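Asker: here's a sequence, model it:
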Amino acid sequence: MKTTNSALLFLFATEMSMLMTSTAFVLPSSSSSSRHQQSSLVSRNVLATKRIAASSRLYMATVVDEAALNEESLTKLSSKVSVPAYDRSALSAGILHIGVGNFHRAHQAAHIDELLQKDFDGNKQWGIVGGSLYAPDRPTAEKRAQLQSQDWLQTIVEQDGETQRALILGSMIDFLPVDSDNGSIQKAMVDPNIKIVSLTVTEGGYYLNDGKFDVDHPEIQHDINNLDAPKTVYGMIVKALKHRRDEGNEPLTVLSCDNLPHNGDVVKSVIMGIAKEVDSDLAKWIDDNVACPNNMVDRITPKTTGEQLERIKKEYGYSDSWPIFCEPFTQWVLEDTFPRGRPNLELLDSVTFVHDVSPYEFKKIRILNGGHASLCYPSALLGVEYVHEAMEHPVIGPFLDALQQNEIIPTVGPVPNVSLPEYWTLVEKRFANPTIMDTIPRICFGGASNQPKFIVPAVVDLLEAGRNVDGFALVSAMWCRYCQGKTEAGEDIAPNDPQWDRLQATALKASKDPVAWLNELTDVYGDVSKHPEFVASFSKALNMVQTQGVEAAMGEYTENTRKQAGSSAISTALEAATSAAAIEEAKA
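Answerer: Coordinates of the predicted model:
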């Protein structure tokens, strides 16, 4: 490459010299022969200029190619970029991850990379092999090709309003070919060196109906009846476990890294649900031998933008075809049930192993995910593009804070060594991070899947406790209004849910009959759809949103909660004063 670049640079310089020489000694003249000479010279100069431009483009393209991220270019990168200090050639595969996207790379892959930097010899058997299920409508093969050209290296830029840090992740050592029969994934699952199969397949990818495994789903039924050629990742796991059992090999640990309450229990229920239909003995063996640890994952990681690709080139001097930009904060809390071994992640400050992950995931799902699910739809309706802009909005930000204080945090319960108000303050700061550029459409996506996980369970808890649910009813009303397909400015809202057609039809019907939204979305709301208090509160909220707008509805809720908080504070002060007076009287 260096020789080629030198040759191209020499060619470029030679062309420039010829052009300058040819123009330096010809003076303007009015004679015919001179005019002919000048005309011929102009033609030659035009041709030379074109050759120079072509040489320049070729040279610059080659330079850019040399500056592309790969194993060879690591030693040439700017000192502003941290690179792997370990020998990647000595890494071996121990983890197969299905669903290689930005979140996996910013979270699990980043944690493994940090661990390898800290203790390579003790963890070099935990290299990551990526895999993605064949999907002709998704650019998975293209993404794989991009990473392959970079020797599986990836840039991660951690940033907030005050700091920025760029580093190269080296923990991925392969990405399986994306073949139509998923044969590469199936082969890797039976490799005895693979101890952990981890997943990020999104919250909607677990074949659940009303929170329970849907054995009647057509794709699940296909796998049950055709286990030799499964289509779902869970059918593939069951097939691989059967092979491991039959060959006398160790089973796998299956680690769901999706934002699901009790994600380990959920993935175990799906695997067991298929296995029970296929072979009861296999199901018992899986139940006895296969661990699926519950764990809580946390890092805000948006999609990569074209502007960020250019930032890598401009600020760090090389090209990365698929970098990750995310916040500095990261957290991973896991139940320590890895009978086949695991990376020594306890060496990292951001990782905690616990006996029961429930309080931690509950806190995160209610406060962070619930916060996202509550602010996104009013933001979209008001034309707000980014989460940090929503937090700066004079109505949305205060509404979310009031909702957190009044209806979200009271449902969480105690978490070991965690102050919930302080945690909300941290989340609030993370939401307000202006450098992440986390888009509102990303947060809005999949409401029919997200609302039953992040909003409705909190409503159930509040109703059972006899508490007010006006804020959550308003959140649901704003989601309904969003699904009508127009912003408050009259602009079209692009379909943003796998169930969009159904949601939009129901939302338009609810514009005249609010209860229709609840009656026809029982798969989302369950028994809440028939609870008199929630039905009344939702109907009132939707009517106000449609007649007065989302700002007025949010503003009224915020003001009412402030008044209630003030009354509560006065009552508490009076009770304390009365109690103190009684104590003093008793002393006298």
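Asker: use CA for all of it now, contacts and neighbours both
Answerer: OK.
Asker: in the stretch 101-250 of the chain, which spans are strands?
Answerer: 127-131, 154-159, 164-169, 172-175, 196-199, 208-209, 212-213 (DSSP state E, counting those that start in this stretch).
Asker: nearest residue to the one residue sitting closest to the centre of the chain in space, please, no chain neighbours.
Answerer: The centre of the chain sits closest to Phe103, judged by CA atoms, centre = their mean, with a distance of 4.3 Å. Leaving aside its sequence neighbours, Phe103 sits nearest to Thr301 (CA to CA, 6 or more residues apart in numbering; 5.7 Å).
Asker: without its sequence neighbours, what residue ends up closest to Leu116?
Answerer: The nearest residue in space to Leu116 (CA to CA, 6+ apart) is Asn123, at 6.3 Å.
Asker: can you pull the contacts of that neighbour?
Answerer: Residues near Asn123 by CA atoms under 8 Å, 6 or more residues apart in numbering: Leu115, Leu116, Pro343, Asn344.
Asker: any stretches of the stretch 51-200 of the chain with poor pLDDT?
Answerer: 51-66 (pLDDT under 70).
Asker: and stretch 137-145, which residues are buried?
Answerer: Neighbour counts over stretch 137-145 (16 or more other CA atoms under 10 Å) mark Thr140, Ala141, Lys143, Arg144, Ala145 as buried.
Asker: biggest separation within these, which pair?
Answerer: Maximum pairwise distance among those (CA to CA): 8.7 Å, between Thr140 and Ala145.
Asker: Pro192: neighbouring residues, count only.
Answerer: Pro192: 13 surrounding residues under other CA atoms under 10 Å.
Asker: do you know how far it is from Phe338?
Answerer: Look at Pro192 and Phe338: by CA to CA, to the nearest Å, they are 16 Å apart.
Asker: hmm, back to that, and which of the contacts of Asn123 is nearest Phe454?
Answerer: For the contacts of Asn123, the nearest to Phe454 is Pro343 (30.4 Å; CA to CA).
Asker: shouldn't that closest one be within a helix?
Answerer: No. Counting by DSSP: H, G, I helix; E, B strand; the rest coil, one finds Pro343 to be coil, located in no helix.
Asker: for this structure, give me the ranges with low pLDDT.
Answerer: 1-66, 566-588.
Asker: for it, just list every one of the strands.
Answerer: Along the chain, counting by DSSP state E, strands occupy 81-82, 93-98, 127-131, 154-159, 164-169, 172-175, 196-199, 208-209, 212-213, 253-256, 295-298, 324-326, 331-335, 351-354.
Asker: now the fourth one, how far from the centre of its chain.
Answerer: Using CA atoms, centre = their mean, to the nearest Å, the distance from the centre of strand 154-159 to the centre of the chain it belongs to is 14 Å.
Asker: cool, and the third one?
Answerer: The offset between the C-alpha centroid of strand 127-131 and the centroid of the whole chain comes to 18 Å, using CA atoms, centre = their mean.
Asker: and the contacts of it?
Answerer: Contacts of strand 127-131 (CA under 8 Å, 6+ apart): 91-100, 109, 112, 171-178, 185.
Asker: go again with 6 Å.
Answerer: For strand 127-131, the external contacting residues (CA atoms under 6 Å, 6 or more residues apart in numbering) are 91-98, 171-176.
Asker: the closest residue to Asp223 other than its chain neighbours: neighbouring residues, count only.
Answerer: Nearest residue to Asp223 in three dimensions, chain neighbours excluded: Pro230, at 4.7 Å (CA to CA, 6+ apart). A total of 23 residues lie near Pro230 under the criterion other CA under 10 Å.
Asker: and what of Asn289?
Answerer: Neighbour number of Asn289 under other CA under 10 Å is 17.
Asker: from Lys268, how far off is it?
Answerer: 11 Å.
Asker: same deal with Leu368?
Answerer: 25 Å.
Asker: neighbour-wise, which of the two wins?
Answerer: Leu368 (24 against 21).
Asker: find the nearest non-adjacent residue to the more buried one, please.
Answerer: Excluding the flanking residues, the one nearest Leu368 by CA to CA, 6+ apart is Val427, at 6.4 Å.
Asker: how far away is that neighbour from Pro410?
Answerer: Val427 is 16 Å from Pro410, by CA to CA.
Asker: try Ile220
Answerer: Per CA to CA, Ile220 is found 38 Å from Pro410.
Asker: one more: Ser358?
Answerer: Counting by CA to CA - Ser358 and Pro410 are separated by 16 Å.
Asker: tell me which of the two has more neighbours.
Answerer: Neighbour count, other CA under 10 Å: between Ser358 and Pro410, Ser358 has more, with 19 against 15.
Asker: filter the contacts of Asn123 down to the buried ones.
Answerer: Here, 16+ other CA under 10 Å leaves Leu115, Leu116, Pro343 buried among the contacts of Asn123.
Asker: what is the nearest of those residues to Asp281?
Answerer: For the buried ones among the contacts of Asn123, the nearest to Asp281 is Pro343 (30.8 Å; CA to CA).
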